[in-house]
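[1] Okay, sequence plus prediction incoming.
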Amino acid sequence: MRAMGNAFDAFCDEVLRAAPRATAQERAALRRELMDHLSDHAEAARERGSEAPEAEAVAAMGDGGEIGRRWNDQLSPFWLWVRRCALMLTVLLILWMAGAMVSCGVRLKSNLEARWGDLSDRYSKSSDPVIFSQPIDERMELRDHVVRFSRVEIVERAWQEGEDTGDYTLFLHCAAYAKNPLNATLDFGALGEMYCWGREGRFGGGSQDGGSTYWCVDFPIAEGTETAEITVEHYGYSFAMELPLDWGDGS
Amino acid sequence: MGRKQGMEHTTLVVLSLLKREDMYGYQMIAELEKRFDPTFSMKEGTLYPVLKALENSGAVRSYLGKPTAGRERKYYHITERGLRQLQEEERQWRSYERSINAVLNMG
């Protein structure tokens, strides 16, 4: 009984392999019809005294591939093309989602680093003599983003050559990230204005990777100033902090 | 040429059988074996593409039915269009037969 089923199934498989246009329903219907035919033939052959009724039934059907091809020719290619287009769209969707997930993952990691990471070493070291350098963690909340101030530093360098701005420059290192970790960070063009003792700071360079923005702002600072009074204006949001400065510590 | 004629004969034969009564696939084969001498042989599986073509053209329609004391089978029924097609194919066959006989009877 099992051998009969296997031989009949194998024949039906051969027929249906040659019929790519068939829908699942058409395949099932033809398989049922062929199996019924094979069973009927085998039963009749058994009654006639055949020693191999199943094999006789399969042999009497003819070439399965040829039957499948001729049957396939009678079917519309419409659903075959619908299936192919659906498969292609599925593959494209999976690739797009994979790309989006990777992109989201990178952005998420970057956002979390800016949010919780130790940023004490995440800044460009100055080549000028460092008078004072202190990690800090002050945060300014905006509507959709947070600006995190991570380090204040004084270096021995005139802020603007040729101008009477003193011999020292104060650097304020900043990071920004979106409150929603999957959202984009602030663009450089949207960083707002920063002031130190009323003097507007200058953008000193930075980097951005989609999940976070890192930059520094520099200001002229007079020697011996004990605190840096920093104010930030960002499109209606204000923030202020006083940072103590130690001119005797150059690390 | 022989193979093409074989296909055309199968359509004519199937429609002729269905004109008498509705039948399922193996039943048609069994009936052909009873009526025709062994020189008319066809691979049984070739019946199904022919039936599909006839169904697509509206010459036959199918339904599920139960033969006496048997399992459910897919039956085929000839339609009005199928009867007209049968009439036309019979006419062509007889014309073809006359032509062949005329050649065979020559001298």
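    On my side now, so go ahead.
[2] pretty sure A:Gly68 is touching A:Arg17, no?
    Yes. Assessed by C-beta atoms under 8 Å, A:Gly68 is found in contact with A:Arg17 at 6.5 Å. For glycine as for every other residue, the C-beta is placed from the backbone atoms N, C-alpha and C.
[3] Comparing those two, which residue is more hemmed in?
    A:Gly68 (24 against 12; other C-beta atoms under 10 Å in any protein chain shown).
[4] ok, now how distant is that one from chain B?
    As defined by C-beta to the nearest C-beta, to the nearest Å, A:Gly68 lies at a distance of 9 Å from chain B.
[5] for the one helix or strand that residue maps to, which positions count as buried?
    For A:Gly68, the element it lies in under DSSP states H and E is helix A:64-73. Across helix A:64-73, burial judged by 16 or more other C-beta atoms under 10 Å in any protein chain shown covers A:Gly64, A:Glu66, A:Ile67, A:Gly68, A:Arg70, A:Trp71, A:Asn72.
[6] ok, now stretch A:204-211?
    A:Gly204, A:Gly206, A:Gln208, A:Gly210, A:Gly211.
[7] Counting by contacts, list what the helix holding A:Gly68 packs against.
    Applying 3 or more C-beta pairs under 8 Å, 6 or more residues apart in numbering or on different chains; DSSP states H and E, one finds that helix A:64-73 makes contact with helix A:2-17, helix B:47-57.
[8] Out of the ones you listed, which gets nearest to B:Ala102?
    Taking C-beta to C-beta, helix B:47-57 is the member of these nearest to B:Ala102, at 29.4 Å.
[9] Could you check the angle whichever helix or strand comes after that closest one makes with helix B:47-57?
    On the C-terminal side of helix B:47-57, the closest following helix or strand by DSSP H and E is strand B:60-65. If you take axes from the mean of the first three to the mean of the last three C-alpha atoms, to 10 degrees, strand B:60-65 sits at 110 degrees to helix B:47-57.
[10] Quickly check: strand B:60-65 near chain A or not.
    No. Between strand B:60-65 and chain A, judged by C-beta under 8 Å from any C-beta of the partner chain, nothing touches; the nearest distance is 9.2 Å.
[11] coming back round to it: next one: the helix holding A:Gly68 to chain centre, how far?
    46 Å (C-alpha atoms, centre = their mean, to the nearest Å).
[12] Same question for stretch A:102-111.
    Chain-centre distance of stretch A:102-111: 6 Å, with C-alpha atoms, centre = their mean.
[13] what's the answer for stretch B:78-95, then?
    With C-alpha atoms, centre = their mean, you get 11 Å for stretch B:78-95.
[14] buried residues in it?
    Those would be B:Ile78, B:Thr79, B:Gly82, B:Gln85, B:Leu86, B:Glu89, for stretch B:78-95 by 16+ other C-beta under 10 Å.
[15] Flag the least confident of the residues you listed.
    Across the buried residues of stretch B:78-95, the bottom pLDDT score, 91, is held by B:Glu89.
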